[in-house]
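Novice: here are the coordinates; sequence isn't available:
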């Protein structure tokens, strides 16, 4: 049995998995979660996992939270500097590949069954057309899947750090508010979990009413989840308006990415937030903002738009990339 090793590395947690190629996809056989800050690097985590599984590994791929350049990555939220060569040597793995974590999430789209998606806009996908993957979570990940003539290849970007382009008076006021603490203002300052909290605070400072219980819950729990919960239940005006503004900015940025990449193969909303706010994404503001591109409105209206429900898309994408590494070696 051929086995590959996949990793989804984060500033807080690292998830490693043993996976078996299954046709054009992969099947997770075993997975273990590690607390990233407890280790001086990725190699000790990998060695601990390999000691547990004691199985031969044909190839390994790890999704990392940061840009990967020439097989190397300095993780922004961990004091780690990783290279493919060092990791292979320290773990005795024959084939190692490092990719951006959202590049891995994009690859995960290819490994998922149809039931792992919810369609927001049916559209008409062009065979082998580029696919854009955008996902709000702790930040705003963006990646593209390009067809190379044989298969889709991921191209991760740092598009979430591109400038915020407000539309209308309210969003312009939000941009001015964000500039007080962030210069320049990137789009992920608004479209992310922390961004939803910033939008909520912006509205409260403008005089939009909120219950004291909401502020207390925000201090105890994940703020984005608190705001989304009250917004969907319609139990707090500031939370409702914050989520409405959030999805409008999110939809506009998803449309921007679709245009920049000519995503005729579809646009996919990944990340942790989209599945939790599905009812609001299905409503008007998100889709209207996505399509509202002037002369390009008709094009945007024809693109498939889907939400990724699988939280382990990044792990599955890394496993799929490892499987493809084996194929490349066999055919190369």
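Specialist: Right, received. Where do you want to start? Just so it is clear, the structure is predicted and the values come from calculations on it, not from any experiment. Numbers count the residues shown, from 1 in each chain.
Novice: Residue 300 - nearest residue in space that isn't next to it in sequence?
Specialist: Using Cβ to Cβ, 6 or more residues apart in numbering and skipping residues adjacent in sequence, the residue nearest residue 300 is residue 291, 4.5 Å away. Just so you know, the C-beta spots here come from the backbone N, C-alpha and C atoms, and that holds for glycine as well.
Novice: Quick check: phi and psi at the residue of the chain most remote from its centre.
Specialist: Taking Cα atoms, centre = their mean, the residue of the chain most remote from its mean C-alpha position is residue 207, at 32.9 Å. When read as degrees, to the nearest 10, the backbone of residue 207 gives phi 110, psi 0.
Novice: now it: how far from residue 238?
Specialist: Distance from residue 207 to residue 238, counting by Cβ to Cβ, to the nearest Å: 10 Å.
Novice: Ok, residue 111 next?
Specialist: For residue 111, the distance to residue 238 equals 39 Å [Cβ to Cβ].
Novice: Tell me if I am right that residue 126 is in a strand.
Specialist: No - counting by DSSP: H, G, I helix; E, B strand; the rest coil, residue 126 is not part of a strand but coil.
Novice: That one reaches residue 263, doesn't it?
Specialist: No - Residue 126 lies out of contact with residue 263 (Cβ atoms under 8 Å); the separation is 9.4 Å.
Novice: higher neighbour count, those two?
Specialist: Legend: neighbour count by other Cβ atoms under 10 Å for residue 126 and residue 263, higher for residue 263 (27 against 16).
Novice: how about the helices of the stretch 101-250 of the chain, start to end?
Specialist: 101-111, 168-179, 193-205, 212-220, 223-233, 237-261 (DSSP state H, counting those that start in this stretch).
Novice: Most tightly packed of those helices?
Specialist: Of the helices of the stretch 101-250 of the chain, the one with the most neighbours on average (mean count of other Cβ atoms under 10 Å) is helix 101-111, at a mean of 29.
Novice: any idea of the mean pLDDT for it?
Specialist: Average pLDDT, helix 101-111: 92.
Novice: Which residues outside that helix are in contact with it?
Specialist: Here helix 101-111 makes contact (Cβ atoms under 8 Å, 6 or more residues apart in numbering) with 8-10, 25-26, 61, 63-65, 68, 99, 131, 133, 135, 141-145, 152, 154-156, 268, 270-271, 308, 310, 312-321.
Novice: Weed out the non-buried ones from those.
Specialist: Buried by 16 or more other Cβ atoms under 10 Å: 8-10, 25-26, 61, 63-65, 68, 99, 131, 133, 135, 141-145, 152, 154, 156, 268, 270-271, 308, 310, 312-321, out of the contacts of helix 101-111.
Novice: Return the subset of those residues lying in helices.
Specialist: The helices, defined by DSSP state H, take in 313-321 from the buried ones among the contacts of helix 101-111.
Novice: can you put those in TSV and add pLDDT?
Specialist: Output for those, formatted as TSV (pLDDT from 0 to 100):
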residue	pLDDT
313	93
314	93
315	94
316	95
317	94
318	95
319	95
320	93
321	93
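Novice: Packing partners of the particular helix or strand that has residue 288 in it?
Specialist: Using DSSP states H and E, residue 288 maps to helix 284-291. Helix 284-291 sits against strand 117-121, helix 237-261, helix 297-301, with contacts defined as 3 or more Cβ pairs under 8 Å, 6 or more residues apart in numbering; DSSP states H and E.
Novice: mind running it again at 7 Å?
Specialist: Counting contacts by 3 or more Cβ pairs under 7 Å, 6 or more residues apart in numbering; DSSP states H and E, helix 284-291 packs against helix 237-261, helix 297-301.
Novice: Redo these as CSV? Include distance to residue 57 and mean pLDDT.
Specialist: Formatted as CSV, the helices and strands packed on helix 284-291 follow (distance: least, Cβ to Cβ, whole Å; pLDDT from 0 to 100):
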stretch, distance to residue 57, mean pLDDT
helix 237-261, 34, 97
helix 297-301, 43, 96
